[in-house]
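Trainee: Would you be able to build a 3D model of this:
(2 chains)
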Amino acid sequence: MTKTVLLALILSGVTGALAGYLGSLMLTKRMALMGGALGHLTLPGVALALLYDFDVSLGALVFLGLGVSVIWYLEQKTHLHLEALTAVVFSTSLATAFLFLPRQEADIALLGDVSHVTVFMVLATVTIATGIFLTVRHIYSHTVLIGISPDLAASRGIDLRWHNTLYLLCVALTVALGVRIVGGLMTAALLAVPACTARNVSWNLKQYAYFSMAAGGLASVLGVLGYVATGLPPGPLIVIASGLLFLGSVYTKVRFGKVLSSEP
Amino acid sequence: MIENRDVILSVQDLAVTFGDTVILRDLSFSVAAGAVFVILGPNGAGKTTLLRALLDLIPHGGRVTWRTQSISYLPPHEFLQRRELPPLDIEEFFRFKTRNLADIKRVLAEVGLGEPVLRRQFGSLSTGQFQRMLIAWALVDDPDVLVLDEPTAGIDVGGEETIYTLLNRFRQNKPLTILLVTHDLQIVWEYATMVLCLNRQKLCMGAPEEVLTPQRLKDLYGTGVKYYQHQHR
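Mentor: Reported below is the predicted structural model:
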């Protein structure tokens, strides 16, 4: 195994595991598809990063911040639904990215690329991912309680606004990390599919969160191994691997459904 | 008149508005420690809003002063999401509040739920079991005050009786102040020590036998209300 492949496996595995863990929380807030919209918002940033040779996650993060600020501003001024405004901004971002990008870079921006992973990139990703993981773990149970009842949570002294801000910040950073491996088109899959897989085979919250994390990490590692074996883009392979794990969880649920759904 | 040292909650000139709509105004009252304080009023009277303002969950005018920080609140059913949740078992739900498994088991036993319920899913309990589990959750950290908003809505008469009998038993074992919103006049007669009649503002307040006259109830609900009177338990 070459050093580049090893670095790509570590980077993808860590990013996938983090996305799976955070995705399990996003699914509980019924925001699984939000990752997709945010992924699209990053595309002009990824395009600029590829054209001017700086880090794609940095470009993604800058445009994510810009996109979210524009959506927030338009919402204040127009009072249109956030969903509608997100659609306006992310489709405009997508179109703009296509105008900028030559074909080859467009493929990388849309489908991800792990062929130029460096040691620094891996160290930075592992450090940032660890920070995000610890933050998500810190807010996880409170966020679930907020999902059950915001009033119940607030009466326990939980600061809803602070939790929401931390949560959204974690989502934005994870999407920025995720676009590197799956591209701007498929971040929703990176976040949502492992959580759906875990939902099928877990009995309690702890299992659900950690199965989702394991499914996300495993799918990313399998996707990169597929990329090494076939030379196909890693993004679609990671998502297909994730989809196959999901099908496995569906089979498990159907086959052993009685065990999983009966009261212990 | 409540002695100042016995007051656990003091409310002065409380007002809540949503936009241009006045929901509550000019509300002043005190609650004595150990009281069962029932808030009574028709739909839309502002009862839930009052509880939420007392707990500082919504912006309000006036002053609300609690003499304790140990307050447990159970919102009404419609404010609680039971379905479409991640797989969450009852033990994990209790662990949002305490890590002490012995306390969790004790309080569940006190509301008549055995240990096996800890492994059950949050959304899988029957309405009656769910409500008893919530009462246990509210009591597990031994609060001074329990704030309940229609805790028996949606459960049958037997289940309702069980909930109030349980609450009364808890009160006999330790000092517990209960603030309760209910529509059930029978419960008011049996358990309340103080009643606040509310319809956007205070219409009457006092012991049930003093203030709940047929005429007052008619004024409060705008129609004739069958008049029950029971002995206190």
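Trainee: quick one: the strands in chain B?
Mentor: B:7-18, B:21-32, B:36-40, B:61-66, B:71-74, B:145-149, B:177-181, B:194-198, B:202-206 (DSSP state E).
Trainee: for the fifth one, packing partners?
Mentor: Contact here means 3 or more C-beta pairs under 8 Å, 6 or more residues apart in numbering or on different chains; DSSP states H and E; on that basis strand B:71-74 packs against helix A:150-155, helix B:127-139, strand B:145-149. Where C-beta positions appear, they are placed from N, C-alpha and C, glycine not excepted.
Trainee: Format the CA atom coordinates belonging to that strand as CSV.
Mentor: C-alpha atoms of strand B:71-74 as CSV (Å, rounded to 0.1, in the frame of the first residue of the first chain):
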residue,chain,number,x,y,z
ILE,B,71,-38.0,23.0,39.5
SER,B,72,-39.2,20.2,37.3
TYR,B,73,-41.6,21.0,34.4
LEU,B,74,-43.7,18.7,32.2
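Trainee: out of the strands of chain B, nearest to A:V119?
Mentor: strand B:71-74 (51.8 Å; C-beta to C-beta).
Trainee: List of residues touching the closest one?
Mentor: Outside of strand B:71-74, the residues within contact range by C-beta atoms under 8 Å, 6 or more residues apart in numbering or on different chains are A:151-152, A:155, B:51, B:55, B:134-135, B:138-139, B:141, B:143-149, B:151.
Trainee: repeat for stretch A:130-149
Mentor: Contacts with stretch A:130-149, where a contact means C-beta under 8 Å, 6+ apart, come from A:18, A:21-22, A:25, A:28-29, A:152-153, A:156, A:158, A:160, A:163, A:166-167, A:169-170, A:173-174, A:205, A:209, B:75, B:79-82, B:85-86, B:88, B:92, B:95-96, B:122.
Trainee: can you list the residues of chain A near chain B?
Mentor: A:24, A:27-28, A:30, A:141-142, A:144-145, A:147-149, A:151-152, A:154-156, A:199, A:202-208, A:263-264 (C-beta under 8 Å from any C-beta of the partner chain).
Trainee: So which of those residues are in helices?
Mentor: Applying DSSP state H to the residues of chain A next to chain B, the entries found in helices are A:24, A:27-28, A:141-142, A:144-145, A:147-148, A:151-152, A:154-155, A:199, A:205-208.
Trainee: Okay, now the unreliable bits of chain B?
Mentor: For chain B, the stretches with pLDDT under 70 are B:1-5, B:154-161, B:223-233.
Trainee: got the contact list for residue 54?
Mentor: Defaulting to chain A. Residues in contact with A:F54 (C-beta under 8 Å, 6+ apart) are A:L48.
Trainee: Correction: the question concerned chain B.
Mentor: Contacts of B:L54 by C-beta under 8 Å, 6+ apart are B:L9, B:V11, B:V64, B:V147, B:L179.
Trainee: Surely the third one touches B:D13?
Mentor: If I follow you right, that is B:V64. No - B:V64 is beyond contact range of B:D13, at 10.1 Å (criterion: C-beta atoms under 8 Å).
Trainee: neighbouring contacts of stretch A:65-80?
Mentor: Contacting residues not belonging to stretch A:65-80 are listed as A:L38, A:L41, A:T42, A:L82, A:L85, A:T86, A:V88, A:V89, A:F90, A:S93, A:L168, A:A172 [C-beta under 8 Å, 6+ apart].
Trainee: rerun that using 7 Å as the cut-off
Mentor: Here stretch A:65-80 makes contact (C-beta atoms under 7 Å, 6 or more residues apart in numbering or on different chains) with A:L41, A:L82, A:L85, A:T86, A:V89, A:S93.
Trainee: Quick one: those as CSV, columns for pLDDT and neighbour count too.
Mentor: Formatted as CSV, the contacts of stretch A:65-80 follow (pLDDT from 0 to 100; neighbours: other C-beta atoms under 10 Å in any protein chain shown):
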residue, pLDDT, neighbour count
A:L41, 83, 30
A:L82, 72, 13
A:L85, 84, 19
A:T86, 80, 21
A:V89, 86, 19
A:S93, 81, 25
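Trainee: Among the residues you listed, pick out the one closest to chain B, please.
Mentor: Chain B has its nearest neighbour among the contacts of stretch A:65-80 in A:L82, at 20.2 Å by C-beta to the nearest C-beta.
Trainee: Distance check, the residue positioned nearest the centre of chain B against chain A.
Mentor: Nearest to the centroid of the C-alpha atoms of chain B, with distances taken as C-alpha atoms, centre = their mean, sits B:L148, at 1.9 Å. Here the distance between B:L148 and chain A works out to 12 Å (C-beta to the nearest C-beta, to the nearest Å).
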